[in-house]
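>>> prediction below, plus the sequence it came from.
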Amino acid sequence: MAAQLRYALERAGVDTLPVVRRGPADAPLVIFAQPLFEEHNRCRRLFADIGRALAEIGIGSALPDLPRTGDQADLAAFSLARARTALAAFIAGQDAALLLSVRGGALLAPETIAHLAVSPVHEGNRLLTDLIRTHGVAHKEATGRTFGRADADAIWQSGGDCHLAGYQVTAETAFALRTGSAPAPAHSLILSGRNPDVSGPPVWRQADPECTAEAAREISDRVRTMLASKSSAA
Amino acid sequence: MTAAAPPPVPSRDIDAEVRDVLRDVLALDAETAEGMTADTPLFGALPELDSMAVAGLLTELEDRLDILIDDDEVDGELFETFGSLTDFIRAKVAA
């Protein structure tokens, strides 16, 4: 089956989201929740590959760019709260069978839909640590001086934003990440690592992400199994 | 399936784990990764290993080996050679 591709701006509550859709329009629908910050860019190919693989087995997908991410025109600092609200509103307006998140996308997932989390980040604080560490390494290389959590906290406490690893991070989002956690989803798949469910590279860490077509096919097979199981239980 | 903490890593496997992380994060070819010895230089010798990659490597090592690395422990010597990195990780795992 050819993988039909559609791109449109769609309303989700108060937001307008650029959405890439693949697969037959009348097929079961899987909504994607993308990772946060730089991991979002590095996983774009993975989502395209999963979308194509799902379309080939007759499952549709929708890849929304949440506020202040991806192809959004609004380039203000990312807000975890606003992204959560927009994703929930987008899901509410769809007849979707499943939410598929990768990495920090799990932190955005509402409880209103079945959820398959790929290599989920359970604690937002891990992402915050990663952002500060990335900036710290580059800062030390450029200036010879260290930059750590205490330095970032001092900026946030003074009301400023931190520019970390290419992203403007507000005090509000830093707090939301520090305190945000995602309950362990009922269904998760670990991609890459020591005991993976799906073999493949950790593309969210790669500056030059490797091919993910094979991993995408395995993930799409798991989605098909989940949807079939839901269908037979209904 | 739910995520769980990774099981402890036997000391003899630390070299293999670090090699896997270097290969996966830096997208090295298998021959380069397998050919690394204790004396193989890393930072400055591998074009893939820049400051952004250093941060990703540290976080991936933490995730896979269930360790915590304080940023104060990270200096130029840590990534000088494959051996200096594996010695550091072995000590963290044993701590």
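Arrived safely, thanks for sending. Residues are numbered from 1 along each chain as shown, chains lettered A, B, ... in the order given.

>>> and the helix or strand harbouring A:Ser229, what's buried?
Using DSSP states H and E, A:Ser229 sits within helix A:213-233. By neighbour count with 16 or more other CB atoms under 10 Å in any protein chain shown, helix A:213-233 contains the buried residues A:Ala215, A:Ala216, A:Arg217, A:Glu218, A:Ile219, A:Ser220, A:Arg222, A:Val223, A:Arg224, A:Met226, A:Leu227. Any C-beta I mention is one placed from the backbone N, CA and C, and that applies to glycine too.

>>> pull the number of nearby residues for the residue lying closest to the third one once chain neighbours are set aside.
If I follow you right, that is A:Arg217. In space, and not counting its chain neighbours, A:Arg217 is closest to A:Ala53: 4.8 Å by CB to CB, 6 or more residues apart in numbering or on different chains. Using other CB atoms under 10 Å in any protein chain shown, the number of residues around A:Ala53 comes to 26.

>>> now A:Ala53: how far from A:Val30?
11 Å (CB to CB, to the nearest Å).

>>> can you tell me which helices and strands the helix holding A:Ser229 packs against?
helix A:44-56, strand A:98-102, strand A:115-118, strand A:187-189 (3 or more CB pairs under 8 Å, 6 or more residues apart in numbering or on different chains; DSSP states H and E).

>>> reformat those as JSON lines; add mean pLDDT.
Formatted as JSON lines, these follow (pLDDT from 0 to 100):
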{"stretch": "helix A:44-56", "mean pLDDT": "97"}
{"stretch": "strand A:98-102", "mean pLDDT": "98"}
{"stretch": "strand A:115-118", "mean pLDDT": "97"}
{"stretch": "strand A:187-189", "mean pLDDT": "94"}
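
>>> export the ones you listed as JSON lines, with columns for distance to B:Arg19.
Formatted as JSON lines, these follow (distance: least, CB to CB, whole Å):
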{"stretch": "helix A:44-56", "distance to B:Arg19": "24"}
{"stretch": "strand A:98-102", "distance to B:Arg19": "25"}
{"stretch": "strand A:115-118", "distance to B:Arg19": "24"}
{"stretch": "strand A:187-189", "distance to B:Arg19": "24"}
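
>>> quick one: closest of those to B:Pro41.
Checking these against B:Pro41 by CB to CB gives helix A:44-56 as the closest, at 30.9 Å.

>>> so how far is the closest one off the chain centroid?
Relative to its chain's centre, helix A:44-56 lies at 14 Å (CA atoms, centre = their mean, to the nearest Å).

>>> buried sites along that helix?
A:Arg44, A:Arg45, A:Leu46, A:Phe47, A:Ala48, A:Asp49, A:Ile50, A:Gly51, A:Arg52, A:Ala53, A:Leu54, A:Ala55.

>>> next, the angle strand A:98-102 makes with it.
Angle of helix A:44-56 versus strand A:98-102, following axes from the mean of the first three to the mean of the last three CA atoms, to 10 degrees, is 150 degrees.

>>> what sits closest to A:Trp156 if chain neighbours are left out?
Closest to A:Trp156 by CB to CB, 6+ apart is A:Ala171, at 3.8 Å.

>>> residues touching the one you found, list them.
A:Ala171 sits next to A:Trp156, A:Gln157, A:Gly159, A:Gly160, A:Asp161 when contact means CB atoms under 8 Å, 6 or more residues apart in numbering or on different chains.

>>> which element follows the lowest-mean-pLDDT helix or strand in chain B toward the C-terminus?
Ranking every helix and strand in chain B by mean pLDDT, DSSP states H and E puts helix B:51-65 at the bottom, with a mean of 89. Under the assignment DSSP H and E, the closest C-terminal helix or strand after helix B:51-65 is helix B:82-94.

>>> who are the contact partners of A:Cys162?
A:Ile132, A:His135, A:Ala152, A:Ile155, A:Trp156, A:Gln168, A:Val169, A:Ala174.

>>> which strand or helix spans the most centrally placed residue in chain B?
Of all residues in chain B, the one closest to the mean position by CA atoms, centre = their mean is B:Val18, 4.0 Å from it. For B:Val18, the host element (DSSP H and E) is helix B:14-26.

>>> what do you get for A:Leu131?
helix A:124-143.

>>> other SSEs contacting that helix?
helix A:149-157, strand A:162-164, strand A:167-169, helix A:171-179, helix B:51-65.

>>> want to throw the ones you listed into a markdown table with distance to A:Ile91?
Below are the helices and strands packed on helix A:124-143 laid out as a markdown table (distance: least, CB to CB, whole Å):
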| stretch | distance to A:Ile91 |
| --- | --- |
| helix A:149-157 | 31 |
| strand A:162-164 | 29 |
| strand A:167-169 | 25 |
| helix A:171-179 | 20 |
| helix B:51-65 | 28 |
